[in-house]
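Chemist: sequence below, structure please.
(6 chains)
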Protein chains: 6
Amino acid sequence: MQTLIDKAAVLVEALPYIRRFRDSTFVIKYGGHAMVDDELRAQVAVDLVLLKYIGVRPVVVHGGGPQIGATLERLGKASSYVEGLRVTDDETMEVVEMVLGGKINPDIVQLVNRGGGSGVGLSGRDAGMLRVRRKRVGGQDIGRVGEVVAVDPGPVLAAAAAGYIPIIAPVGVDDDGVSYNVNADEAAGAIAAALGAAKLLMLTDVEGVKDADRKLLRQLSADDARKLIAEGTVSEGMIPKVECCIRAAEAGVERVHIVDGRIRHAILLEIFTDGGVGTLIAR
Amino acid sequence: MQTLIDKAAVLVEALPYIRRFRDSTFVIKYGGHAMVDDELRAQVAVDLVLLKYIGVRPVVVHGGGPQIGATLERLGKASSYVEGLRVTDDETMEVVEMVLGGKINPDIVQLVNRGGGSGVGLSGRDAGMLRVRRKRVGGQDIGRVGEVVAVDPGPVLAAAAAGYIPIIAPVGVDDDGVSYNVNADEAAGAIAAALGAAKLLMLTDVEGVKDADRKLLRQLSADDARKLIAEGTVSEGMIPKVECCIRAAEAGVERVHIVDGRIRHAILLEIFTDGGVGTLIAR
Amino acid sequence: MQTLIDKAAVLVEALPYIRRFRDSTFVIKYGGHAMVDDELRAQVAVDLVLLKYIGVRPVVVHGGGPQIGATLERLGKASSYVEGLRVTDDETMEVVEMVLGGKINPDIVQLVNRGGGSGVGLSGRDAGMLRVRRKRVGGQDIGRVGEVVAVDPGPVLAAAAAGYIPIIAPVGVDDDGVSYNVNADEAAGAIAAALGAAKLLMLTDVEGVKDADRKLLRQLSADDARKLIAEGTVSEGMIPKVECCIRAAEAGVERVHIVDGRIRHAILLEIFTDGGVGTLIAR
Amino acid sequence: MQTLIDKAAVLVEALPYIRRFRDSTFVIKYGGHAMVDDELRAQVAVDLVLLKYIGVRPVVVHGGGPQIGATLERLGKASSYVEGLRVTDDETMEVVEMVLGGKINPDIVQLVNRGGGSGVGLSGRDAGMLRVRRKRVGGQDIGRVGEVVAVDPGPVLAAAAAGYIPIIAPVGVDDDGVSYNVNADEAAGAIAAALGAAKLLMLTDVEGVKDADRKLLRQLSADDARKLIAEGTVSEGMIPKVECCIRAAEAGVERVHIVDGRIRHAILLEIFTDGGVGTLIAR
Amino acid sequence: MQTLIDKAAVLVEALPYIRRFRDSTFVIKYGGHAMVDDELRAQVAVDLVLLKYIGVRPVVVHGGGPQIGATLERLGKASSYVEGLRVTDDETMEVVEMVLGGKINPDIVQLVNRGGGSGVGLSGRDAGMLRVRRKRVGGQDIGRVGEVVAVDPGPVLAAAAAGYIPIIAPVGVDDDGVSYNVNADEAAGAIAAALGAAKLLMLTDVEGVKDADRKLLRQLSADDARKLIAEGTVSEGMIPKVECCIRAAEAGVERVHIVDGRIRHAILLEIFTDGGVGTLIAR
Amino acid sequence: MQTLIDKAAVLVEALPYIRRFRDSTFVIKYGGHAMVDDELRAQVAVDLVLLKYIGVRPVVVHGGGPQIGATLERLGKASSYVEGLRVTDDETMEVVEMVLGGKINPDIVQLVNRGGGSGVGLSGRDAGMLRVRRKRVGGQDIGRVGEVVAVDPGPVLAAAAAGYIPIIAPVGVDDDGVSYNVNADEAAGAIAAALGAAKLLMLTDVEGVKDADRKLLRQLSADDARKLIAEGTVSEGMIPKVECCIRAAEAGVERVHIVDGRIRHAILLEIFTDGGVGTLIAR
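Modeler: Okay, here's the model as predicted:
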């Protein structure tokens, strides 16, 4: 059993953070294990609602990889990839958007509502808020995969100002109104920057960024992170994620965290303890 | 060519309506021909944007019948009906929600954006705003078809107050967070009532309500409308729509219009001319 | 009879102007035929009130030539002119002010009130708002005729902010508090500039400015207008009026219109149609 | 020379009144000697401006008897009276309005401006603010003489709220927009009541109301005043004025003063000394 | 070492309280051991400052028994008591007020300032805020000992609204401006009621209220507390304190706590844990 | 007896000052005869309250020399001085603070309350507002005597904004939270500067500053004052006071007055008469 002294210590540690972050916006990239495991899902919802309680405005950006693949398969549509990105023809894009906007997004909205909050689903197409251009990978056209060129945070601000928790599907739109699939980490980073978020939390299935000795790094600068990538210390799979973090930090997000989404209440612990859980990247 | 005198007359006729409706909310049930024909689609978008110009807050509720059927067919899923309502098992509901929320809704958002406005897509699940219970038809369970029991207009107000045109998919949610298919006319009527809308415009593919001699009725009271139904004067297909109109009028929507969506700029003409186009039902 | 298509076209044409001009101030120089003909008078009142309806703040500056002459004649007082300007001794000035402030001005206030608006009469002496100095014509003193040196728009703003339509008599005041007769076109131009008006509409008894071939010019720049005067293309009588327009345009009034006041609802047509009626002078 | 002790006593006496009346409205009926004598005129202007200094909103209602008569005479127009009221045919009314609105009113505006304030002239016709009906005297029609039936204080409030001193000419208007001559005392009383004025000061050429022994009464109730009239103690000429005061007091004006306008700075002395100058009538 | 799971549990427990109490006022009666022990003193200061961090407005009311006695002794002034209350002659009162207002109060202000807050000292004499009458004990006059009859919380609200932590010395004033010594528990209760405080925390040197078996009662109603006193279960010394708590609860303070001030961070633990420390008395 | 003309003249003289000083802050250094003589004390209270009436915010800073000496004597504590400053050991400082904060300050609060105002006592320790460092006199340490290094006017503003009259005891605090005795003139000057006061009034027991011929100087510049000191014209005892005035004037206090506190209502007379009483020092 936890003693009163311990409890008091946690409170004395946490309360200054509560003051610091009141009226701040936090963007949470939601994906991986924490989006699949039922217990973790419920705890994420609780964390989001508790953030609202203490005056933080959480904004969620979600991914959707596995479910998109499953639906495509069910429709007998083969998937192909270039450098890890799905080649997205028009038919695929139609499925992507239906799954993201018509299945995953409302499910997360529902999760938040059940947790005691009020989620409102948004897509990057709303009011043209996630403006993209067609991405080229090694000079190759891989179809309707977009890279973000601008974000108009208007619809997010409107929902958040009214007390809702915005849940955003990573669909973008080009100047002609054509929709595109966007990497969720990239979308989260760009949205955090546009919102002037105080924090970006990337929920992942790893402990954080590690050094050459596989030791977890608690904090590193954007420059350090870049160096680690150049030195080959960052694992292949983590590189794009870390690059999104670097860009967000450089675009003005004060504190970008890679958080281990497999830990219970990882969001609260990252925010309200001195040590945090995971790696902080800050300019 | 139209003379200056005619132009002046149109303006003198229209301007008082502009004053009257400034800062009012209009709910437009969007469906039928006007949602399919490309030219009419573009004119609807123009009308919505012009309404915004003069200080009216338009709110769109859309249906989606044909596209849902097409997708179900493509997935090899047979459709069955009871009293004109689709029997909706869980698999069907998943498709319904994906098509409404992930296809039709973002397409209308895009249409409005192209017309110069800023559409924001919403679903009745957002913040649990369209609360329903399972509908029973002749004592029979037809699956996840909901009837509206309450509307929380919060998310619509938040989007409209921020200058956006809310585009709402008719998906409802019960007390346990389960989603349901909702008839779009019914959703539009309930939302209009909850918003205290000054007008509800039902875009349809008929001229309006007609009397026993097939003569178009320009205006009738809710009681008259009920009488026409009782007398068998209203065609079978129109009865549910007229009943939604009656309920909306009785729930406080000042003016409910059944508008012929096949006429170009039908929305503007209904609003800004003394005669209007179609039938007005008012308590 | 006018068709629905035509009506819709007028509305589609007019509504963007309504948005553009909302919360703008328009100064209308009211004079000539439109001030004498009873039907035109009533239509001017309707136009002013409709402008209020849609959020424009109309401000009226009126002249008074014929009535002043009539009253002077009745008092057995001869009139004499230098370069078209009335020689104004003290006794004449007393009559001028009584007719402008005690007869014409309240009559226009009444006209506006009858049309459904709320007119409030003002004189350039109120709060010393129309500051003038004694005008010299060809080195000659012609008595109490003033040229405007400064405008304090305070009383006009106060009345307009409270929802009234200010009706202003063109009487000025010098630094010693002595009152002067001021040309109404000049007063209207100076007041429009001081108010930062979006439009100045000069109601006259001509179609507009014409080129050397007597063809109506729909639009010309201040420089063009000056050139036309220099070339002798502008008729003698129109020169002072066009010069007032040029000065107003150069002092920041975005759009200055010479409008044919003999056309019914000339004000509405000028504002809400693409073609307008008359000549637009803009910097 | 006045000693410091005396000065301090005046201040200690005056300052509480300054607090009490801050943000109050005072209506001053301006007429008689104080409107003719140049020194008194200048002191009235100073008093009005000093009231503004300390946060009181003065509103002036003026009469105009002698000047109207003079102008009519000059025009060869005979005057006739019924029970002291001028029989006012249409031609006479035209002259009345020109003199009040085009001569006396702007002269007082000028007086106030010279004294350091900012006067704005208003007429009871502005926005139809002084609504009257035709007065009948002993069953006899005496032409365009009106009795007040309603006051809309809007234009006065607009001018006062913007920091101006409203100067009001006692012209009224009936439901058909026809203008009428109104007794200035009556107009002042009705305007004071409509404004919820804290004080109405009637500047006159007498010391105040006196008792049967010709002793000045410093204060009396509305009922007392009525009794004095019934007993014949009030002089013929004062009766209508005292009746206006009674009506104003009963309509909610807290303190109505009959002030001797022949005393220098009578307005200040009435307001800021315990004794006042003249007679106070209060409900 | 405390695990992450424990930390998360404390946060999940505490955050809802933080939301609930944001913008509430808490009155802390500060006395006993916690006012003497240096470590406890520092922790009280930290607790007060942390409350400020999360939007609670703490208000401190302090006692001063021992220091007053010490000073009186030093001045060679004997102390006598009636029913536990100090007999307070004028000379004694002068000393009381000097010690409370000139020594203890500024020392607590300093303590709070050192802890990172901004304390502002107040006395019940400020703006006459603690209005008392002379207390009679068993029909006996014991001098300048007051019982509270009214509280004007104005000065406390002004300081708190400006972000300061008000520190109040329990000196009262009667209608003639004479100052009185007031029991600090009584003052704290009356001030909490007047402020509409959400909580009153009485820091004492006991665990709380106990039942007949000497078992700590975590929560009891005002009626229960009264019964305990009547039954003789409450110790003599605690009775006046419990009575102050009852009165405060009945006067509208939602939650009154008797808190063991000897526990470290007792204030935080009482507020942010489900169990609390001590006894809650609530109507 | 004073005539009406005299009264009017006083008002015409005073009212412009009332406008000028509305919403200004005046700091009054209160000491000397005016703090001892009962009649003068009552008049000072009246003056402060009247200032509040007309929208001035008075702030009082008081001294306390004689009473501190008396109490020290009573405690058998000898006083010693270096260059006119009391050598202040810790025990002395404890007494100083008790007398200033626990006796003189609440007495003035009470005086103001009795006069109809609402005084709130403050000490320079509140929120650390009067920051000082240890003063050295001729290289000698004289104990806890502080010289002001910074003022945070927060607590004064909070009290004044809420309508209270702040009464400040001249106790300062150093960076370590140790309290110091501060010269009241110096404290008043520094506080006036920090508040951006429009006036600082130093109530003293002299007529003002005099020239070499012992003639009272009504007004002098800071430079002139410095010159007078250099020339030896200012008496020894007045030098520190005049230096405080010079510093306040140079720190931005528009008008610094040395006022003869022995004159009745000296504060009012200084402010609201053209001549004033005493000497004005202005940059």
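
Chemist: please identify which residue in chain A comes closest to chain F.
Modeler: Residue of chain A nearest chain F, by Cβ to the nearest Cβ: A:R19 (18.4 Å). All C-beta atoms are positioned from the backbone trio N, CA, C, and that covers glycine.

Chemist: quick one: which helix or strand includes that residue?
Modeler: A:R19 belongs to helix A:4-21 when assigned by DSSP states H and E.

Chemist: check which helices and strands that helix is in contact with.
Modeler: Secondary-structure packing of helix A:4-21 (3 or more Cβ pairs under 8 Å, 6 or more residues apart in numbering or on different chains; DSSP states H and E): helix A:266-272, helix E:4-21, helix E:38-53, helix E:266-272.

Chemist: and A:R114, how many neighbours does it have?
Modeler: A:R114 has 16 neighbours, counted by other Cβ atoms under 10 Å in any protein chain shown.

Chemist: before we move on, the earlier item: put together CSV for the helices and strands packed on helix A:4-21, with distance to D:E231 on each row.
Modeler: Converted to CSV, the helices and strands packed on helix A:4-21 look like this (distance: least, Cβ to Cβ, whole Å):
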stretch, distance to D:E231
helix A:266-272, 86
helix E:4-21, 71
helix E:38-53, 72
helix E:266-272, 76
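
Chemist: tabulate these in a markdown table, adding columns for mean pLDDT and mean neighbour count.
Modeler: Putting those into a markdown table (pLDDT from 0 to 100; neighbours: other Cβ atoms under 10 Å in any protein chain shown) gives the following:
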| stretch | mean pLDDT | mean neighbour count |
| --- | --- | --- |
| helix A:266-272 | 92 | 25 |
| helix E:4-21 | 88 | 19 |
| helix E:38-53 | 94 | 20 |
| helix E:266-272 | 92 | 26 |
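
Chemist: which helix or strand lies directly C-terminal to the helix holding A:R19?
Modeler: strand A:25-30.

Chemist: how far out from the middle of the chain is that following strand?
Modeler: 6 Å (Cα atoms, centre = their mean, to the nearest Å).

Chemist: ok, back up a step: roughly how far does the residue of chain A closest to chain F sit from D:D38?
Modeler: Distance, A:R19 to D:D38, using Cβ to Cβ, to the nearest Å: 69 Å.

Chemist: any idea which residue of chain A lies closest to chain D?
Modeler: Residue of chain A nearest chain D, by Cβ to the nearest Cβ: A:A161 (32.5 Å).

Chemist: the residue lying closest to that residue once chain neighbours are set aside sits in which helix or strand?
Modeler: Nearest residue to A:A161, sequence neighbours excluded (Cβ to Cβ, 6 or more residues apart in numbering or on different chains): B:A158, at 7.3 Å. Using DSSP H and E, B:A158 sits in helix B:154-161.

Chemist: which ones are touching A:I18?
Modeler: Contacts for A:I18 (Cβ atoms under 8 Å, 6 or more residues apart in numbering or on different chains) come out as A:I54, A:G55, A:F272, E:I18, E:Y53, E:I54.

Chemist: 6 Å instead, please
Modeler: Residues in contact with A:I18 (Cβ atoms under 6 Å, 6 or more residues apart in numbering or on different chains) are A:I54, E:I54.

Chemist: helices and strands around the strand ranked longest in chain A, which ones?
Modeler: Criterion DSSP state E: the longest strand present in chain A is strand A:140-151. With contacts taken as 3 or more Cβ pairs under 6 Å, 6 or more residues apart in numbering or on different chains; DSSP states H and E, strand A:140-151 sits against strand A:130-137, strand A:179-181, helix A:184-195.
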